[in-house]
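Colleague: here is my input; please provide its structure:
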Amino acid sequence: MAKSSRSDLVSKAHARRVVAALKREYPETACALVHADPYQLLVATILSAQCTDARVNTVTPELFRRYPDASVLAGADPSELQSIIRSTGFFRAKARNLLAMARQVAERHGGVIPEDLESLTKLSGVGRKTANVVLGTAFGVAEGVVVDTHVKRLARRLGLTTGTTPEQIERELMRIVPRAEWVDLSHRLIQHGRRICVARRPRCPACSLAGLCPRIGVASAPVTKSPGRRKATGGTATGSAVG
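Modeller: So this is what the prediction gives:
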């Protein structure tokens, strides 16, 4: 067997174990951005760039009340829109993107959010990450893996990738993880990154993946999982920097 093939098998086997462990720990997945339809999810995801999901969720009820669909949003007054979303940060740029996106959806797609990666990424303010969030969560379509700050950090710590950019990390995860797991894997990694594997001081003694994790980039002595830890359940999130 060629060395590259052996390495590939090892990587896929490790990925399977990580996916299985995350499934046991987080059996249910859900998006933390509150939304009722693809339009609302797309708007919320655009707003979530450089902003917490919790903050976005405080802004969107009024936003969606005033602008219930893309066609209505397309005709919004820029200053009024900026006022509503101001607390999410970078509100001028986000308002420009939201208005342009809404006009494009209204003009090109009859006011309906498109269900394919190419069309989504042609909309203003919509990169591959945002498109993957909408496709996976709103439409159940796995075209890629959402790589936000949590996924980037955990994928490297867990030894799933040596990539340094979101693009490299996504390609590697798509190669070693079955497509059927792509959408939920992101949700679970994000939830684990928020609850346990935090950026500066990861809670390794409380981590159910401790036995699988090479802890790359974590400068401390090896630890084992504490006994008797209660299993975490509940929803996950798209990640704050998904834009």
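Colleague: domain assignment for this protein?
Modeller: Using automatic domain parsing, the domain ranges for the chain come out as 38-138, 144-215.
Colleague: got those domains as JSON lines, with mean pLDDT columns?
Modeller: JSON lines is the format used below for the domains of the chain (pLDDT from 0 to 100):
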{"stretch": "domain 38-138", "mean pLDDT": "97"}
{"stretch": "domain 144-215", "mean pLDDT": "96"}
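Colleague: identify whichever of these lies nearest to Val10.
Modeller: domain 144-215 (9.7 Å; CB to CB). All C-beta atoms are positioned from the backbone trio N, CA, C, and that covers glycine.
Colleague: got the end-to-end distance for that closest one?
Modeller: Using CA to CA, to the nearest Å, the end-to-end distance of domain 144-215 comes to 25 Å.
Colleague: circling back to that earlier point, out of the domains of the chain, flag the one nearest Leu9.
Modeller: domain 144-215 (9.8 Å).
Colleague: which stretches of this protein form helices?
Modeller: Ranges of helices in the chain, per DSSP state H, are 3-25, 38-47, 53-66, 70-74, 78-85, 91-109, 117-121, 128-133, 149-157, 166-176, 182-195.
Colleague: buried set for the fourth one?
Modeller: Spelled out, that is helix 70-74. In terms of neighbour count (16 or more other CB atoms under 10 Å), helix 70-74 has its buried residues at 70-71, 73-74.
Colleague: returning to what we had before: ok, which of the domains of the chain comes nearest Glu28?
Modeller: Checking the domains of the chain against Glu28 by CB to CB gives domain 144-215 as the closest, at 9.3 Å.
Colleague: centre of the chain to that closest one, how far?
Modeller: 11 Å (CA atoms, centre = their mean, to the nearest Å).
Colleague: compare the helices of the chain and give me the one nearest Pro202.
Modeller: Taking CB to CB, helix 149-157 is the member of these nearest to Pro202, at 7.5 Å.
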